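K.L.:
below are the sequence and a predicted model; questions follow.
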Amino acid sequence: MKRDWLPHPVLTPALALVWLLLNNSFAPGHIVLGLLLGWAIPLLTLPFWPERVRIYSLRRLIAFAGIFLYDVLIANLAVARLILVGPRTLRPVFVVVPLDLTSDLAISLLANTICLTPGTVSAHLSEDRRQLLVHALDCDDPQALVATIKTRFEAPLKEILEC
């Protein structure tokens, strides 16, 4: 019964918070509207979710969000430095990241995390869903980039979504 009325209990407050941040207002009307949207969007999109989302470690999810935000900040500074120094110092590279993740949601979140981090883009997922092609704007050690993606992003997502 609870699943019928609140299909994604973690997503509801997250969407409400995003609504409040986008509106830059914590007025009571915005709080009510944010909660209403946070409840209605997951409920109305339920038929499009291929599998039920289970968060196995909320503590790890919060830590992952912090790591991700930190990495976005550092990557923004690195890309800004590259822009100021000039394009002659760029070392672009494509790397193949072998995936341990199996669920569609976890793979999608990993690909999106990579794309949202400035300087890297997820370019292609293999048909067998075991490898992700990633482009990096500037990379001096491709193996270190693969190791970083696997330890900082993939391993936490595996603990959070596939335990």
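P.N.:
Good, I have the coordinates.
K.L.:
centroid-nearest residue for the protein?
P.N.:
residue 113 (3.4 Å; CA atoms, centre = their mean).
K.L.:
for that one, what are its contacts?
P.N.:
68, 153, 157 (CB atoms under 8 Å, 6 or more residues apart in numbering). For every residue, glycine as well, the C-beta is placed using N, CA and C.
K.L.:
where along this structure do the helices fall?
P.N.:
Taking DSSP state H as the test, the helices found in the chain are 2-5, 11-23, 28-44, 58-85, 104-116, 142-148, 155-161.
K.L.:
so where's the protein uncertain?
P.N.:
For the chain, the stretches flagged by pLDDT under 70 are 1-3, 50, 87.
K.L.:
domains of it?
P.N.:
Listed domain ranges for the chain are 2-48, 58-161 (source: automatic domain parsing).
K.L.:
look up phi and psi at residue 119.
P.N.:
phi 100, psi -10 (degrees, to the nearest 10).
K.L.:
what of residue 8?
P.N.:
phi -130, psi 80.
K.L.:
can you offset everything so residue one is 694?
P.N.:
All set: I'll call the first residue 694, so the last point we hit is now residue 701.
K.L.:
okay, now residue 815: neighbour count?
P.N.:
20 (other CB atoms under 10 Å).
K.L.:
surely it meets residue 826?
P.N.:
Yes. With contact defined as CB atoms under 8 Å, residue 815 counts as touching residue 826 (7.4 Å).
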